[in-house]
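Visitor: Return atomic coordinates for the entry below.
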Amino acid sequence: RLLMRLAAEVETRAEAISHTNTWENGSPVSETSKAAANAASIFRYFASLAPLLETPDIRPFPDGSAETVVRLDPVGVCALIAPWNFPINLVVAKLAPALMAGCTVVIKPASPTPLSVRLILDAAVAAGIPAGVINLVTGPGSFGDALVKHPGISKVAFTGSTPVGRSIAASCGTLLRPVTLELGGKSSALVLPDVDLEAMSKVLIRSCMRNTGQTCYISTRILAPADRYDELVNMVTATIAAAPQGDPMDPATVFGPSATRAQEQVVREYIRSGIAEGARATTGGDVPSGFDRGFYVKPTVFAGVTPGMRIAQEEIFGPVLSIMRYSSLDDAVEIANNTPFGLGGTIFSEDPDAAFALAPRLDTGSVGLGFFASNHAAPFAGRHDSGLGAEFGPEGLRAYLSVQSVHRRIR
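Guide: Numbers count the residues shown, from 1 in each chain. Below you'll find the predicted structure:
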């Protein structure tokens, strides 16, 4: 009941959540206007899992002499540490299952985005969630480190960069403290020769450059068949160049600024490295943004990219796409899997059966066929440098539960 009330209270704050999110990190309102509805949906989904916690789990001994009752307890106080790119939904993805499991939490938002999550706390108070169940600590990254190592914490859930995730994993390993890590990505969009380029163009930005490229799972590497390479480069270039960039408070804006000056500089440095290594910018590149104010980078498409280039291997977290050529399907799979990451991926084909058959060959936690989106009912999990554990689905709830086996004789 409390989670359902919380969902409703979040929805009443939709405009405030959207505007605060945009003011904090520059995400266009076309993106943030959906944040409250998505957060409410997450709360409602985890509320729907209540029967999993109430259904008796009784398992007989092999010889029939006894049985075991498997009990589920809340794991304890949870540290929830979120990044700046989706400051509402990446908190709620942790908060909802933690509350459903019966845990109390301490939330540490990213230092550039301390305000958005306060609206979730306001909604929690209005929904009747008791004081002290949800707690908020704002400040620099060192506060997150202190929280991870605090003796009162029983579990850590973190979304952010892979280097920070490694540090958190090391601390949790020393403390034998369970941890869920949703980290970086360098996903590939594998384009099969039969692709409908017009249909692909309609989902290109959402799948490959969502939120001005500041999304962990997007397919920022596009793998194109050699005989359609130029055709695909032209489509991607035209689609990206035509998408409006500007004031993130304008509903027509598709590309906003980078969230911080530091991130803008990171993105520009990657663009310069791509040019230095021989890639060709078909739009954007190392050019002035055209804006007098704001941390804007022109959305950039690189052709002539080879798999060993930095822009093809490292997470940029900005509006930069790399298009690579493949000679055969085996070659494409090898290129797609040749990164340290394994978070997302997309396959574009007019043959759904062929695309579905190809998906298991991609060494990644999620694959979209003709589009990419997350499903609250299905696990979102990274492989390799993209993380540990899963969020969403029953798997996401189980991460906040501790098991106890009670053995009793029956004869």
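Visitor: Return the set of buried residues in stretch 96-115.
Guide: For stretch 96-115, the buried set under the neighbour-count rule, 16 or more other C-beta atoms under 10 Å, comprises 96-101, 103-110, 112-114. The way it works is simple: take the backbone N, C-alpha and C, and place the C-beta from them, glycine included.
Visitor: now swap in stretch 32-44 and tell me
Guide: Of the residues in stretch 32-44, those buried (16+ other C-beta under 10 Å) are 32-33, 35-36, 38-44.
Visitor: Just put those residues in TSV and tack on secondary structure.
Guide: Shown next, in TSV, are the buried residues of stretch 32-44 (DSSP: H, G, I helix; E, B strand; the rest coil):
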residue	secondary structure
Thr32	helix
Ser33	coil
Ala35	helix
Ala36	helix
Asn38	helix
Ala39	helix
Ala40	helix
Ser41	helix
Ile42	helix
Phe43	helix
Arg44	helix
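Visitor: returning to what we had before: okay, and which of the buried residues of stretch 96-115 map to helices?
Guide: 96-101 (DSSP state H).
Visitor: Just give me the closest of those residues to Leu72.
Guide: Ala101 (7.8 Å; C-beta to C-beta).
Visitor: For the closest one, which non-adjacent residue is spatially closest?
Guide: Counting by C-beta to C-beta, 6 or more residues apart in numbering, Ala101 lies nearest to Tyr400, which is 3.7 Å off, once chain neighbours are set aside.
Visitor: Count the residues that sit near that neighbour.
Guide: Neighbour count of Tyr400, defined by other C-beta atoms under 10 Å: 27.
Visitor: residue ranges for the strands of the stretch 51-200 of the chain, please.
Guide: 58-60, 66-74, 78-81, 105-108, 134-136, 155-159, 179-182, 188-191 (DSSP state E, counting those that start in this stretch).
Visitor: again, but for the stretch 251-400 of the chain
Guide: Going by DSSP E, counting those that start in this stretch, the stretch 251-400 of the chain shows strands at 280-283, 300-305, 320-326, 346-348, 368-369, 380-381, 387-388, 390-391.
Visitor: Tell me the strands beside the fourth one, with direction?
Guide: Strand partners for strand 346-348, identified by DSSP bridges, are recorded as strand 188-191 (parallel), strand 368-369 (parallel).
Visitor: With just CA atoms, put the first one into PDB.
Guide: Yep, that's strand 188-191 we're talking about. The C-alpha trace of strand 188-191 is given here as PDB (Å, rounded to 0.1, in the frame of the first residue of the first chain):
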ATOM      1  CA  SER A 188      27.100  -2.000 -30.300                       C
ATOM      2  CA  ALA A 189      24.300  -1.700 -32.800                       C
ATOM      3  CA  LEU A 190      24.800  -4.600 -35.200                       C
ATOM      4  CA  VAL A 191      23.200  -3.700 -38.500                       C
END
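Visitor: quick one: contacts for Ile347?
Guide: 189-190, 192, 355, 358-359, 362, 367-370 (C-beta atoms under 8 Å, 6 or more residues apart in numbering).
Visitor: most packed of the strands of the stretch 251-400 of the chain?
Guide: Most buried of the strands of the stretch 251-400 of the chain, by mean neighbour count (mean count of other C-beta atoms under 10 Å): strand 346-348, with a mean of 28.
Visitor: From the chain's centroid, how far away is that one?
Guide: Mean-position distance between strand 346-348 and its chain equals 18 Å (C-alpha atoms, centre = their mean, to the nearest Å).
Visitor: Could you export the ones in helices among the buried residues of stretch 96-115 as TSV, including pLDDT and distance to Val70?
Guide: As requested, those are arranged in TSV below (pLDDT from 0 to 100; distance: C-beta to C-beta, whole Å):
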residue	pLDDT	distance to Val70
Ala96	98	23
Pro97	98	19
Ala98	98	21
Leu99	98	22
Met100	98	18
Ala101	97	15
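Visitor: nearest to Gly308, of the residues you listed?
Guide: Nearest member of those to Gly308, counting by C-beta to C-beta, is Pro97, at 39.6 Å.
Visitor: give me every residue that touches that closest one.
Guide: By C-beta under 8 Å, 6+ apart, the residues touching Pro97 are 46, 391, 396-397, 399-400.
Visitor: Can you tell me how far the residue nearest to it when sequence neighbours are not counted is from Ile271?
Guide: Among residues not flanking Pro97 along the chain, Leu397 sits closest, at 4.5 Å (C-beta to C-beta, 6+ apart). Shown here: Leu397 relative to Ile271, a distance of 41 Å by C-beta to C-beta, to the nearest Å.
Visitor: Give the residue from these two that has the larger number of neighbours.
Guide: Shown here are Leu397 and Ile271; by other C-beta under 10 Å, Ile271 has more neighbours (25 against 22).
Visitor: ok, now which ones touch the more buried one?
Guide: Counting by C-beta under 8 Å, 6+ apart, Ile271 has contacts 281, 284-286, 297, 300, 311, 320.
Visitor: Of all pairs in these, which one spans the longest distance?
Guide: It's Val297 and Ile311 that sit farthest apart of those, by C-beta to C-beta, at 13.4 Å.
Visitor: So for the two, which residue has more residues nearby?
Guide: It is Val297, of Val297 and Ile311, that has more neighbours when counted by other C-beta under 10 Å, with 28 against 23.
Visitor: my read: the more buried one touches Phe291, true?
Guide: No. If you go by C-beta atoms under 8 Å, Val297 and Phe291 don't touch, sitting 10.0 Å apart.
Visitor: what do those two both touch?
Guide: Pro257.
Visitor: which non-adjacent residue is nearest the residue positioned nearest the centre of the chain?
Guide: The centroid of the chain falls nearest to Cys216 when counting by C-alpha atoms, centre = their mean (4.9 Å). Nearest residue to Cys216, sequence neighbours excluded (C-beta to C-beta, 6+ apart): Gly185, at 4.7 Å.
Visitor: ok, that neighbour - contacts?
Guide: Taking C-beta under 8 Å, 6+ apart, one finds 216-218, 315, 341-344, 382, 386 in contact with Gly185.
Visitor: and if you look at Ser289?
Guide: 245, 296-298.
Visitor: quick one: which of the residues you listed is nearest Phe158?
Guide: Nearest member of these to Phe158, counting by C-beta to C-beta, is Val297, at 26.6 Å.
Visitor: Can you classify Ala16 as helix, strand or coil?
Guide: Ala16 ends up helix, using three-state DSSP.
Visitor: who touches it in this structure?
Guide: Leu119.
Visitor: I'd say Leu147 and Lys108 touch.
Guide: Yes. Using C-beta under 8 Å, Leu147 is in contact with Lys108, at 5.5 Å.
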